[in-house]
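Undergrad: got a predicted model here, sequence first, then my questions.
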Amino acid sequence: MKFNTKVIHAGIEPDPSTGAIMTPIFQTSTYVQNAPGDHKGYEYARTQNPTRKALEDNLAALENGKGAICYSSGLAAMDAILKMLNPGDEIISTNDLYGGSYRLMTKLFSKYGIKMKFLDLQEASVIQQHVTEKTKLIWIETPTNPMLNVVDIKAICDFAISKSIWTCIDNTFATPYLQTPLDLGATMVLHSATKYLGGHSDVIHGCVVTSDEGIYNELKFIQNAAGAVPGPQDCFLVLRGIKTLHLRVERSCQNAESIAHFLKNHEKVSKVYWPGFEDHPNHEIAKKQMKHFGGMVSFDLVSNTEESANRVMSNTHFFSLAESLGGVESLIGHPASMTHASIPKVERLKVGLTDSLIRLSVGVEDIADLKADLNNALEKV
């Protein structure tokens, strides 16, 4: 089954009781049993829900995995993964990653004896110098948030496999439409399904996909034991969003490419971050492991001040100033004060995340309107 067919049909069957083509929202907390243990596969909705099961089957197929586990948010999914670690275990991660992921690692799990190392992994061989016998997990975003750095998934995973180290790829920016990390050797793939998978800025959701049976069973146990599960309506909304994932991401990629070149040639812009440029440090790796270069673009201003960035962001119309990304509408944001405010400024500056950096989530609107909108805002600087 090809990807464009999977998004619509994988794991989805008409409702057997009515023939409904859309998976019903099973809005129930419990299920009637004929006798203790004699039931139809469902006992209690924290443990199992038919709407959630359909979504998990669909997600597993999209990532070419054997099983998916859904959670109430992307960070809840990450929390479940980190709960598989023990005191003394080490995590190696990219030094440019979502502020919420950094906060969860450093502010919560560090208290339980989990060690973290944040490295520039644009050169994959760097990791070999930092792995120890205590390294349990390598956590990668690619492309990274918000600098759009690219990490060689296969090179990292090949090394990790040789050392029996888990790898988890946060595939939120790329989506399974653009890259499938499990095919490149990853142990797990994580999504904030709030973003491109849901695609309409109307749901909070997260998931993990894996082909490792032991990890799948442990994550299912944590899902039930800790209870950070999504409701059936949230699962329904993500299922609905996924049906147009290929169409939305394709259009976002086309628009982002046009926006990136427009910004690169604008006199008010000093630098544009987008993996599709041939001078991007890992452009060739991006070409190899991604179908397109994604719908995210970041850029810095010649004036290099937060005041200038605020002026741009306050004068757009079609680019809405808001948190999040991956919806059909275009969003503009200020990572230093919004998505990455939890990362100390000194650490942000090390990766180039300045106070004037602006991040765009390019939507599916008409490209002429988007360019005119940005041009008008930039002229206010």
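TA: Now that the structure is in, tell me what you want to look at.
Undergrad: grab the most central residue of the chain for me.
TA: Thr172 (1.6 Å; C-alpha atoms, centre = their mean).
Undergrad: pretty sure it contacts Gly198?
TA: No: at 11.0 Å, Thr172 does not count as touching Gly198 under the criterion of C-beta atoms under 8 Å. For every residue, glycine as well, the C-beta is placed using N, CA and C.
Undergrad: the residue nearest to the residue nearest to the centre of the chain when sequence neighbours are not counted: what's it in contact with?
TA: Distance criterion C-beta to C-beta, 6 or more residues apart in numbering; nearest residue to Thr172, sequence neighbours excluded, is Ser192 at 4.7 Å. Counting by C-beta atoms under 8 Å, 6 or more residues apart in numbering, Ser192 touches Ser73, Gly74, Leu75, Ala77, Asp170, Thr172, His205, Gly206.
Undergrad: out of those, list just those in strands.
TA: Of the contacts of Ser192, the ones assigned to strands by DSSP state E are Asp170, Gly206.
Undergrad: what's the most distant pair in the contacts of Ser192?
TA: Asp170 and His205 (14.4 Å; C-beta to C-beta).
Undergrad: the helix or strand that contains Lys288: how far from the chain's middle?
TA: For Lys288, the host element (DSSP states H and E) is helix 283-289. How far helix 283-289 lies from its chain's middle: 18 Å, per C-alpha atoms, centre = their mean, to the nearest Å.
Undergrad: run through who's touching it.
TA: Outside helix 283-289, the residues that touch it by C-beta under 8 Å, 6+ apart are 143, 150-154, 179, 184, 275-277, 280, 293.
Undergrad: ok, which stretches of the stretch 51-200 of the chain are helices?
TA: Using DSSP state H, counting those that start in this stretch, the helices found in the stretch 51-200 of the chain span residues 74-82, 99-103, 153-162, 175-178.
Undergrad: pick the most buried one from these.
TA: The highest average neighbour count among those, using mean count of other C-beta atoms under 10 Å, belongs to helix 175-178 at a mean of 26.
Undergrad: if we can go back for a sec, and the residue nearest to Thr172, bridged to which residues?
TA: Gly206 (DSSP bridges).
Undergrad: and it, what's its pLDDT?
TA: Here, the pLDDT recorded for Ser192 equals 98.
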